[in-house]
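S.K.: take this sequence and fold it.
(2 chains)
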Amino acid sequence: SQTIHQWPATLVQPVGSPLSLECTVEGTSNPNLYWYRQAAGRGLQLLFYSVGIGQISSEVPQNLSASRPQDRQFILSSKKLLLSDSGFYLCAWSNQQGARAFFGQGTRLTVV
Amino acid sequence: EDQVTQSPEALRLQEGESSSLNCSYTVSGLRGLFWYRQDPGKGPEFLFTLYSAGEEKEKERLKATLTKKESFLHITAPKPEDSATYLCAVLIFGNEKLTFGTGTRLTIIP
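M.R.: Prediction:
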């Protein structure tokens, strides 16, 4: 069966520090991969998605970047965090047929 | 521009009081519509995928339906454990973006 791992679960970082969140998927190949951010009480904002290794589409201009160095690995990064980067970050994957999409358990990021 | 709108934003029901949540969409070429349940502090949990108008899916007290413009999530005789935020999302032909609505926060009062 397919599983998705996302870590860490919580993170407190000072303003100006770097960020690296990692997401890996098991049990499938060539998945579509997604990074979302969810503000408190709000919907999911799509940040990046990837349909293959090295292929990244950015949805929102921001202080973040994404990379896909391996087929089932998706990384969200920042060189210098801002207070506004605080939020709940979620990684998701779907198969190429788009039949369903599954989420990780999320990372709660607080920038202080 | 593709849009997904959910209503109401919040809904409080007595235990056993059936109701429906709405997800309306304006997209060019719907590939699939997804429903998710999200508990506080957790990632969304997949419930259903609907592909074409007239399709229905059921799971326990939940039934999802789809028309050409909207989807409904019907909840029958809900229990307090059904309290959660329910999210819908659409996938469009021609791209792989999974776009979400803002969700409906459902509270079932014992």
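
S.K.: residue 42: neighbouring residues, count only.
M.R.: With no chain named, the answer covers chain A. 12 (other CB atoms under 10 Å in any protein chain shown). Backbone N, C-alpha and C define where each C-beta goes, glycine included.

S.K.: chain B was what I was after
M.R.: Using other CB under 10 Å, the number of residues around B:Lys42 comes to 15.

S.K.: need the pLDDT of it.
M.R.: You'll see B:Lys42 listed with a pLDDT of 91.

S.K.: now A:Gly98
M.R.: pLDDT at A:Gly98 comes out at 67.

S.K.: and chain B, which residues reach chain A?
M.R.: Residues of chain B lying close to chain A by CB under 8 Å from any CB of the partner chain are B:31-32, B:34, B:36, B:41-46, B:49, B:87, B:89, B:91, B:96-103, B:105.

S.K.: please repeat the previous calculation with a cut-off of 6 Å.
M.R.: By CB under 6 Å from any CB of the partner chain, the residues of chain B that approach chain A are B:31-32, B:43-44, B:46, B:49, B:91, B:96, B:98, B:100, B:102-103.

S.K.: reformat the residues you listed as JSON lines; add neighbour count, secondary structure and distance to B:Glu81.
M.R.: Output for the residues of chain B next to chain A, formatted as JSON lines (neighbours: other CB atoms under 10 Å in any protein chain shown; DSSP: H, G, I helix; E, B strand; the rest coil; distance: CB to CB, whole Å):
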{"residue": "B:Arg31", "neighbour count": "18", "secondary structure": "strand", "distance to B:Glu81": "32"}
{"residue": "B:Gly32", "neighbour count": "22", "secondary structure": "strand", "distance to B:Glu81": "27"}
{"residue": "B:Gly43", "neighbour count": "23", "secondary structure": "coil", "distance to B:Glu81": "18"}
{"residue": "B:Pro44", "neighbour count": "28", "secondary structure": "coil", "distance to B:Glu81": "17"}
{"residue": "B:Phe46", "neighbour count": "16", "secondary structure": "strand", "distance to B:Glu81": "18"}
{"residue": "B:Thr49", "neighbour count": "21", "secondary structure": "strand", "distance to B:Glu81": "23"}
{"residue": "B:Leu91", "neighbour count": "24", "secondary structure": "strand", "distance to B:Glu81": "29"}
{"residue": "B:Glu96", "neighbour count": "19", "secondary structure": "coil", "distance to B:Glu81": "33"}
{"residue": "B:Leu98", "neighbour count": "22", "secondary structure": "strand", "distance to B:Glu81": "27"}
{"residue": "B:Phe100", "neighbour count": "21", "secondary structure": "strand", "distance to B:Glu81": "23"}
{"residue": "B:Thr102", "neighbour count": "17", "secondary structure": "coil", "distance to B:Glu81": "23"}
{"residue": "B:Gly103", "neighbour count": "24", "secondary structure": "coil", "distance to B:Glu81": "18"}
